[in-house]
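Chemist: Show me how the following folds:
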Amino acid sequence: HVQLVESGGGSVQAGGSLTLSCAVSGYTISTYCVAWFRQAPGKGREGVAAHGTDGSTAYADSVKGRFTISKDNAKNTLFLQMNSLKTEDAAMYYCARDLPDGTPSWVFDYWGQGTQVTVS
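Modeler: Just a heads-up that it's a prediction; the model follows:
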């Protein structure tokens with residue numbers, strides 16, 4: 001039973017930082033690409049950051065240089081460090097499982113319930 005549980009969201013002022021966590025169970029994250037995506041009210045889903053099993057990372061242009069995706073394979077946990085937050089970063093953030101092996105494809109088969117990020 002695959003399960004992804006996000007945490008760490010909250011309310012922050014513009015320019016501030018947050019670190020999101022995603023605890024994964026039901027499979028080993030080292031065997032699949034993983035990613036974060038977000039969705040703001042009235043907007044579509046936006047891929048934010050992804051981590052391949054080959055160590056590669058990919059970021060949306062809107063967050064490059066500000067967000068960092070990382071994972072702890074021993075703890076089966078995924079992280080998203082978000083710095084210099086902007087009001088347009090406000091959204092529900094989800095962690096997701098991408099395809100197995102290689103580089104991220106931004107195609108997800110499982111994701112969590114999300115954690116809300118508010119930037120004022």
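Chemist: Can you show me the strands along the protein?
Modeler: For the chain, strands defined by DSSP state E occupy the ranges 3-7, 10-12, 18-25, 32-39, 46-51, 57-59, 67-72, 77-82, 91-100, 110-111, 115-119.
Chemist: Just put the ones you listed in TSV and tack on mean neighbour count.
Modeler: In short, each C-beta sits where N, CA and C put it, glycine included. What follows is those, written out as TSV (neighbours: other Cβ atoms under 10 Å):
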stretch	mean neighbour count
strand 3-7	17
strand 10-12	14
strand 18-25	18
strand 32-39	23
strand 46-51	22
strand 57-59	16
strand 67-72	16
strand 77-82	22
strand 91-100	21
strand 110-111	17
strand 115-119	18
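Chemist: which ones are touching the most centrally placed residue in the chain?
Modeler: In the chain, the centroid-proximal residue (Cα atoms, centre = their mean) is Trp36; its distance is 2.3 Å. Trp36 is in contact with 20, 22, 47-50, 69, 78, 80, 93-96, counting by Cβ atoms under 8 Å, 6 or more residues apart in numbering.
Chemist: returning to that earlier point: got CSV for the strands of the chain, with mean pLDDT too?
Modeler: Supplementary listing: those in CSV, determined by pLDDT from 0 to 100:
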stretch, mean pLDDT
strand 3-7, 98
strand 10-12, 97
strand 18-25, 98
strand 32-39, 97
strand 46-51, 96
strand 57-59, 96
strand 67-72, 97
strand 77-82, 98
strand 91-100, 95
strand 110-111, 98
strand 115-119, 98
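Chemist: Bridged to Tyr32, which residues?
Modeler: On the basis of DSSP bridges, Tyr32 is bridged to Pro100.
Chemist: hang on, the earlier thing: now, which of the contacts of Trp36 sits nearest Pro104?
Modeler: Ala50 (3.4 Å; Cβ to Cβ).
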